[in-house]
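[1] Predicted coordinates and the sequence they were generated for:
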Amino acid sequence: MTLQERDKKHLWHPLKQHQTHPNSLGIVKAKGCILTDEHGNEYIDAISSWYTSMFGHCNDFITSRVYNQMQTLDQIMFSDFTHEPAVKLSEELIKILPENQNRIFFNDNGSTAVEAAIKMALQYHFNKGEKRSLFIALEDGFHGDTFGAMSVSGLSVYNGPFEDFLMHVERVPVPNGENNHAIIEQLKKIITKEKVAGFIYEPLVQGAAGMKIHNAKDINEILQFCKDNDILTIADEVMTGFGKTGNNFASDEITTKPDIICLSKALTAGLVPMAITSCTEEIYAAFLGDSIAEGFMHCHTYSANPIACRAALASIELLQSEEIQQNIQRISSAHVNFLNKVKNHPKVTEVRSKGVILAIDLKTNSSRYGSLRDQLLASFMNEGVFLRPLGNTIYIQPPYVITQEQLNKIYTTIEKVLDTF
Ligand SMILES: *Cc1c(COP(=O)(O)O)cnc(C)c1O
């Protein structure tokens, strides 16, 4: 029996309607940018397995560091102990994070990084003797699948059955230059009625919304308003962090720095799950006091797992290498050239790119999980490219180690599929 057949017996996949989509392709190997299925077919991983494997799969440099770590210290409770990989990772992260960040709190996935950020913001105000309970978020934002993270997410396709149980959140449109003034007016109205704890946003690129891109200058206006009104700003850089937008972090390009930053996905280069919620010293200081209750009583068993920390250290080292930095530049400019080529295609409505992220909107009314999306996915797979369209948006986020030849193959496959669907 194939993996695909055995899978159907006991497994339940995420984000899947099993009745209409019963098959999951068995993958037996991933190396560099290539995925190999159980029949021996190869696919270029054009989206870095959900934006994680940015240094290629099973990267020898990272796996050897992790292997060594596994032989010395595997897991230890982080509530009572500390260890070198965590200490070193905090030092290395603080060097590259926006200059106002000074504290590193560990979580185990993107959603819990957001969950911790929400709790931190609420308790920060609480500890200072103020009850602030409202969050503001951007429309169409995506921040994860736990309750707090779902609450601040605006993509209703995921949230339907849970809506009655979510936190109170007000949404504002994504700023586009023309609506900035209206957004500020909306915010002014909100703060006259309610006490706002925080504003959460995906800086520069909204991933799940279809790689929607906004300007640094526009989002900065909202952030500045928040600063002026004691609203904590939470940058969800789970997707954008670690080089995706051309800088180490999307927030690097935005003048007003966030109070809290959520990191995951590329943090550990796709090797093992981990996440981080970083914050300013000012936030941390609000949790100091004589009573334990003033501390942040939030913990995950695998906090700061040494193996995950080691994977993160190795990938940060790679990220800072000349080779990877040059690759990021190469991919970014190749994207711009490709988009210039396809932007006038009759089936294309809009194209955009930011760093290594590229998106093409297609002319169609198909819904997010409609049949066109399935057809596109199948066509790309037939051509040996793993691309996972979001509704009518095709997007690429290739590993930084992708060769120009592999990248060109992705581009020509997209052109071919554009001509045939
Ligand atoms: C993926 C993602 C999350 C959720 O991360 P998980 O590890 O899947 O829980 C949160 N925010 C953003 C911006 C993401 O892209």
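    Looks like it arrived, so ask away.
[2] quick one: contacts of stretch 149-167?
    Outside stretch 149-167, the residues that touch it by CB atoms under 8 Å, 6 or more residues apart in numbering are 110-111, 114-115, 118, 133, 135, 137-145, 147-148, 168-169, 171, 200, 208-209, 368-369. C-beta: built from backbone N, CA, C; applies to glycine.
[3] Just the buried ones out of those, please.
    110-111, 114-115, 118, 135, 137-138, 140-145, 148, 169, 171, 200, 208-209, 369 (16 or more other CB atoms under 10 Å).
[4] Of the contacts of stretch 149-167, which belong to helices?
    110, 111, 114, 115, 118, 147, 148 (DSSP state H).
[5] What's the per-residue pLDDT of the third one here?
    What the model reports as pLDDT for residue 114 is 98.
[6] That one and residue 143 touch, don't they?
    Yes: at 4.6 Å, residue 114 and residue 143 qualify as touching, with contact defined as CB atoms under 8 Å.
[7] what sits in contact with each of these two?
    With CB under 8 Å, 6+ apart as the test, residue 114 and residue 143 both reach 149, 152, 200, 236, 238, 262.
[8] Of the ones in helices among the contacts of stretch 149-167, which are in range of the ligand?
    110, 111, 114 (CB under 6 Å from any ligand atom).
[9] Which positions in stretch 76-86 come out as buried?
    78, 83, 85, 86.
[10] Same question for stretch 278-285.
    278, 279, 280, 283.
[11] Dihedrals phi and psi, the first one?
    It stands for residue 278. Dihedral angles phi and psi of residue 278 (degrees, to the nearest 10) take the values phi -100, psi 160.
[12] related to what we said a few turns ago, quick check: of the buried residues of stretch 278-285, which lies closest to the ligand?
    The nearest member of the buried residues of stretch 278-285 to the ligand, counting by CB to the nearest ligand atom, is residue 278 at 14.6 Å.
[13] just checking, the closest one touches residue 106?
    No: contact between residue 278 and residue 106 fails when scored by CB under 8 Å: they sit 10.1 Å apart.
[14] tell me how far the strand or helix carrying residue 341 is from the chain's mean position?
    Per DSSP states H and E, residue 341 falls inside helix 322-342. Helix 322-342 sits 20 Å away from the centroid of its parent chain (CA atoms, centre = their mean, to the nearest Å).
[15] could I get that helix in CSV with only the CA atoms?
    Taking Å, rounded to 0.1, in the frame of the first residue of the first chain, the C-alpha atoms of helix 322-342 are listed here in CSV:
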residue,chain,number,x,y,z
GLU,A,322,27.2,37.3,2.3
GLU,A,323,26.0,34.4,0.1
ILE,A,324,22.4,34.4,1.4
GLN,A,325,22.2,38.2,1.4
GLN,A,326,23.3,38.2,-2.2
ASN,A,327,20.8,35.5,-3.0
ILE,A,328,18.0,37.6,-1.5
GLN,A,329,19.0,40.5,-3.7
ARG,A,330,19.2,38.2,-6.8
ILE,A,331,15.7,36.7,-6.2
SER,A,332,14.2,40.1,-5.4
SER,A,333,15.4,41.6,-8.7
ALA,A,334,14.5,38.5,-10.7
HIS,A,335,11.0,38.7,-9.3
VAL,A,336,10.7,42.4,-10.5
ASN,A,337,11.8,41.4,-14.0
PHE,A,338,9.4,38.5,-14.2
LEU,A,339,6.5,40.6,-13.0
ASN,A,340,7.2,43.2,-15.7
LYS,A,341,7.0,40.4,-18.2
VAL,A,342,3.7,39.0,-17.0
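[16] May I see the buried residues of that helix?
    In helix 322-342, counting by 16+ other CB under 10 Å, buried: 324, 327, 328, 330, 331, 332, 334, 335, 338, 339, 342.
[17] and it, what other elements does it pack with?
    strand 348-354, strand 357-362, helix 404-420 (3 or more CB pairs under 8 Å, 6 or more residues apart in numbering; DSSP states H and E).
[18] Now do the same contact list for the residue in the stretch 1-150 of the chain positioned nearest to the ligand.
    The minimum distance from the stretch 1-150 of the chain to the ligand, using CB to the nearest ligand atom, falls at residue 110 (2.0 Å). The neighbours of residue 110, taking CB under 8 Å, 6+ apart as the test, are 143, 144, 149, 236, 238, 262, 264, 265, 275.
[19] Backbone dihedrals for the first one, please?
    Phi and psi for residue 143, reported as degrees, to the nearest 10, are phi -130, psi 10.
[20] isn't it right next to residue 236, touching?
    Yes: if you go by CB under 8 Å, residue 143 and residue 236 touch, sitting 5.3 Å apart.
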